[in-house]
Every structure is written in structure tokens, then in C-alpha cells.
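*Asks:* Fold the following and give me the result.
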Amino acid sequence: MNTALEKVNDKVFQIKYGQAEVFWYEKYNTSKGYKEYHLKEPELRIYLKKQGFRNYNSEPVHITGNIAKKVTSEDIFKHALKYVESFEEPGLEAMFLKKGETELLKNKAIIISLPECEIDPLSDTKTTSYKYYRNGIVIVESEKDFQLKPYEKIKGFVWENTIKERDFELLQDEVIEKGIFARFVRNITNNEDHFNSVCTAIGYLIHTYKDQRKPMAIIINDENLIDEGKPQGGTGKGLLVKAIAHIVEKASYNGKNSDFSNNKFAFQNVEETTAILLIDDAPRNFDFESLFSVLTDNLPVEKKHRAVKEITYEKSPKFVITTNYTIKGDSSSFKRRRFDIFLNNYYHSGHTPEDDFGDEFFHGWDEKEWQLFDFFMMACLRSFLSLGLTPYEDEGLRLKMLKNETSADFIELMEENYNLKNISYTYTSIRENLIQNYGEKYYFLEKNYKIIVEWVDRFANHKGYSIQKGRIGVGKTFLFA
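*Replies:* Now for the predicted structure:
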């Protein structure tokens, strides 16, 4: 009798749910006089797989078509609960609230056992870059016209949070510099070489491919550097970085308050899709050397109450530093890890971009302005793919940098009294002359002899001199050759 009843119940169950995905079964409890629902864990796992839930690097993701987003166990539970609720059976809902919580939120075995993604995310290569918009994927290659392809035409998945919520328009090259942002970049640069240098730096930062042989941080500074504790901002550094962040994902850090040497949670803001790591407003004494290891190797990301996760060098973000001071360091180790771009002082506290263009940047733009912006940024990317990073060489700028790495008084003294070759000078005489001629602001040199040695080395490097070092009595000497 019970067997016959069970067969009838099974038949009713099949008719009731038809072709629906079912990860539970019903059983009539004769002693209690009502129907009970029971969870079928293997079928729940199958359901989640068919719904596109996977693991990527041991973390759950949800893939729809080829668009992926990271999810939590709570997201997965809510997804399944919503499906259960669609059947409008209170008993079924009550069962899943209890059993689903146990299997998906507490035990998590089902989630952990979901298969790893069968495909990898679409990634930039050395010669090709992909940028994601609402209406498709923009493909950028060296010296080629841009292509716009539908998402379903590409192999690999795309992270949902990298897709811009706007359309990309294929325009003519004649309008590349017609937009507000392109004209802004023209204003903050001095000439064609300077403009191209800034454009290739923009392209470098939005190209997510990383070359192991060229681990480079972009340092954005002002041409008219003013040391002596009176930095001048407002030249457009912030707008430049904001523009880049409208193309790729950014993690931001306050350069004055962040410790990248001793804080194990220093990079906890970095996610899988982070393309640039901004260190904003780095102070005068910023320790650039503290970044050497993460510029050239994997990036350790430790979040509170979670295990350390290493992002490989190839997938780790590129570094960009903004500062109002000179980031000091001119050894070969420093030089091969940095690319400096300097903005002129066309804009300052008394003359802002809004004075020229009216609308608030980005927030006040209409659809056409965004199209011009995106087209210009893709042109910068194409320039980088064609030319690489192109430095801007300017003798006046090099001298300004030297003065800020040493001091204007020191340079004046060296030019007037120590700028002859094949004559031996003492380091002590320079220190004494600075104190005698310029007063107490150079008293600190009496306790730090090495500073003068470093300054003389920088001066010699700027002039293209070699240095022969020696000693007379108790004093050290140098000779420019």
C-alpha cells in the first residue's frame, strides 16, 4: 500500500514540476498527516552548476553568457531561494530556509565543490588591448583602426565590473582631439613631444598587459616644482588619474598616510580586476624604494581575517604616483622602475579647467562628450602600443629636477665656484660655503656629511662629468674629469 502511494506521489510530483530544475523531494508523513520537503544536495549542486556558478581561483563567481561577477555564499543562497520562492509553496520555502542555510552558508561544501571556470578571463596581450563597453568590446591594436565586437564573439569571460555603463562610438580620426579632455591634455603640455609623452603614459596605464622586463611606475609631477615646504597643486594631476579610472579599475591610497614597508594590510584594497594602484599626493620624503619588490614581483594582498593571497606579477596593477615634490632616486635601480611625466603650470589655483571648459569634468558631460573622451583614450592606448613610453626631454626641466633634489643655492654655488674640470675640491668647503653664504637653513649639513657627497654626484651626473674621489689629510676630495 505504501509503495503504491509513493508511486502516485512521484507521478504527481513529476506532473507538478514538469521540466523544472528540482533539488528537493516531497514525502507524505502519515503519522503527522502532512507533506514534508527534503533537500537533495547533489541535485542542488547540479542546479547551481547549470545556473553558471563556478569557482575562479578558489572563489565563487557567477557567469552569465560570458559575463562574470564575483559572488558570496550569501548571493548563491539568495539566488537559489528566489528560485524556490517562484513555486509559491510555504512548506518548500521553510525547508530551504533551514536546509539551504546549513548547506550553503554554514557548511559550504557544495560551493567549494563547484568546478573551476572552464575558460579564463579575456586579457590584454603585448600587442592587443580590450576595453569593455555596454555595446561591445573595443579591440585596440598598434596602427590599426579600432574594432567593436559583440561579447558573444570573443573567447573568454569578462568581469562585469569592468564594463563601462556607456556605449562606444567608432568615430573618425579627425575628431581625436576635439573633446574637452583632449584639449585639456594639450593645455597641460608644452609642445608635441610633451603631449605625446603624456599620451603614451595614459596608454601604458590603461593597457593591462605587464612586461616583466619593464616594471615601471608612472610618477606625475609639476614642472614648476617648489620645494621649501610650499608645494603647488591644481595643475591637473588629479583629473588625469580620474580620466584613467574611467577606463580601468583603480585602487587609491593616500601617499601621506600609507605605509608600504611595514603594514601587512597595505594592499587590501586591491581586487582581481584592479588595473592601477594610485598613491596620491606622495610626501617629500616618500620612500620609493619600498615599492621595488611589488613593482617587479607578485603582489601580496592580505585582508583582515583572511589568508594572504598573491596576485601574480602579470595580473597585478600598475602603479601611478602623484606628488608635488621630487621623488628622489637616480641610481640605475630607480631609473628602470620609474617614468616621470611633468605637467606644466597652465592650471593653478587662480586658473582652473572649469574656467576654460565650463562644465564640471566627467559629471557634467553629455553622451557626445563621453564618446569623444573614450575615442581619445583609445587613441592614447594605440599610441602606446605603437611607440611605447616616450620620454619628454627638456633641459630646463632637468635643471629644475636637480634643484629640487638638491637645492637652488647649492646649484648656484657649484656653477660659480666648483664647475671646473681637473681641479680637486673638498666636500667640506662646499658645506662651509653654503652655511656661510646662506645661513642657518644649511646647519643640518654639519651632522650629515653624506648629503653633500650625494648632491655632488647628482650635479656631476647632470653635467655628464665623471668623478675622481680622493683624500687630503682628514678631508675627502673630488675632481670632475
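
*Asks:* Next one, pLDDT for the nearest residue to Ala379 once chain neighbours are set aside please.
*Replies:* With sequence-adjacent residues excluded and distances taken as Cβ to Cβ, 6 or more residues apart in numbering, Ala379 is closest to Ile176, at 4.8 Å. For every residue, glycine as well, the C-beta is placed using N, CA and C. On pLDDT, Ile176 comes in at 95.

*Asks:* residue contacts, Ile176?
*Replies:* Ile176 makes contacts with 182, 375-376, 379, as judged by Cβ atoms under 8 Å, 6 or more residues apart in numbering.

*Asks:* Who are the contact partners of the residue nearest the centre of the chain?
*Replies:* Most central in the chain under Cα atoms, centre = their mean is Ile276, positioned 1.1 Å from the mean C-alpha point. Residues in contact with Ile276 (Cβ under 8 Å, 6+ apart) are 205, 244-245, 248-251, 317-320.

*Asks:* picking up where we left off before, so which of the contacts of Ile176 is the most crowded?
*Replies:* Phe376 (25 neighbours; other Cβ atoms under 10 Å).

*Asks:* Relative to Ile218, how far out is that one?
*Replies:* Going from Phe376 to Ile218 by Cβ to Cβ, to the nearest Å gives 18 Å.

*Asks:* With Ser58 instead?
*Replies:* To Ile218, Ser58 is 32 Å away according to Cβ to Cβ.

*Asks:* in this structure, what secondary structure element scores lowest on mean pLDDT?
*Replies:* In the chain, no helix or strand scores lower on mean pLDDT, DSSP states H and E than helix 2-17, which sits at a mean of 59.

*Asks:* List the contacts of Gly358.
*Replies:* Counting by Cβ under 8 Å, 6+ apart, Gly358 makes contact with Gly364.

*Asks:* To which secondary structure element is Cys380 assigned?
*Replies:* Using DSSP states H and E, Cys380 sits within helix 367-387.

*Asks:* Report the rounded mean pLDDT for that helix.
*Replies:* For helix 367-387, mean pLDDT rounds to 97.

*Asks:* for it, packing partners?
*Replies:* Where contact means 3 or more Cβ pairs under 8 Å, 6 or more residues apart in numbering; DSSP states H and E, helix 367-387 is packed against strand 128-133, strand 136-141, helix 180-187, helix 192-206.

*Asks:* Which strands and helices lie in contact with the helix or strand just after the second one?
*Replies:* Right, strand 136-141. Downstream of strand 136-141, the first helix or strand assigned by DSSP H and E is strand 147-149. Where contact means 3+ Cβ pairs under 8 Å, 6+ apart, strand 147-149 is packed against strand 136-141.

*Asks:* For the strand it packs on, C-alpha coordinates in CSV please.
*Replies:* Included here for strand 136-141 are C-alpha records, laid out as CSV according to Å, rounded to 0.1, in the frame of the first residue of the first chain:
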residue,chain,number,x,y,z
GLY,A,136,30.6,45.6,-27.1
ILE,A,137,34.3,45.1,-26.8
VAL,A,138,36.7,47.6,-28.3
ILE,A,139,39.8,46.0,-29.7
VAL,A,140,42.9,48.3,-29.9
GLU,A,141,46.0,47.3,-31.8
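
*Asks:* any chance you could map the helices in the stretch 201-350 of the chain?
*Replies:* Using DSSP state H, counting those that start in this stretch, the helices found in the stretch 201-350 of the chain span residues 237-245, 292-296, 332-335.

*Asks:* if you compare these, which one is most tucked away?
*Replies:* Across the helices of the stretch 201-350 of the chain, the average number of neighbours (mean count of other Cβ atoms under 10 Å) peaks for helix 237-245, which reaches a mean of 20.

*Asks:* quick one: it to helix 180-187, angle?
*Replies:* Counting by axes from the mean of the first three to the mean of the last three Cα atoms, to 10 degrees, helix 237-245 lies at 140 degrees to helix 180-187.

*Asks:* How many residues are close by the closest residue to His62 other than its chain neighbours?
*Replies:* Leaving out its chain neighbours, the residue that sits closest to His62 by Cβ to Cβ, 6+ apart is Val71, at 4.8 Å. Burial of Val71 is recorded as 17 neighbouring residues (other Cβ under 10 Å).

*Asks:* how far away is Pro353 from Asn221?
*Replies:* From Pro353 over to Asn221 (counting by Cβ to Cβ), the distance is 18 Å.

*Asks:* Show me which of these two is the more surrounded one.
*Replies:* A count of neighbours by other Cβ under 10 Å puts Asn221 above the other of Pro353 and Asn221, at 25 against 21.

*Asks:* Let me see the contact set for the more buried one.
*Replies:* 237, 322-327, 340-343.

*Asks:* would you turn those residues into JSON lines with distance to Gly91 and pLDDT?
*Replies:* Shown next, in JSON lines, are the contacts of Asn221 (distance: Cβ to Cβ, whole Å; pLDDT from 0 to 100):
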{"residue": "Lys237", "distance to Gly91": "62", "pLDDT": "93"}
{"residue": "Thr322", "distance to Gly91": "60", "pLDDT": "94"}
{"residue": "Thr323", "distance to Gly91": "64", "pLDDT": "90"}
{"residue": "Asn324", "distance to Gly91": "66", "pLDDT": "86"}
{"residue": "Tyr325", "distance to Gly91": "68", "pLDDT": "82"}
{"residue": "Thr326", "distance to Gly91": "71", "pLDDT": "79"}
{"residue": "Ile327", "distance to Gly91": "66", "pLDDT": "80"}
{"residue": "Asp340", "distance to Gly91": "68", "pLDDT": "91"}
{"residue": "Ile341", "distance to Gly91": "66", "pLDDT": "92"}
{"residue": "Phe342", "distance to Gly91": "70", "pLDDT": "90"}
{"residue": "Leu343", "distance to Gly91": "67", "pLDDT": "92"}
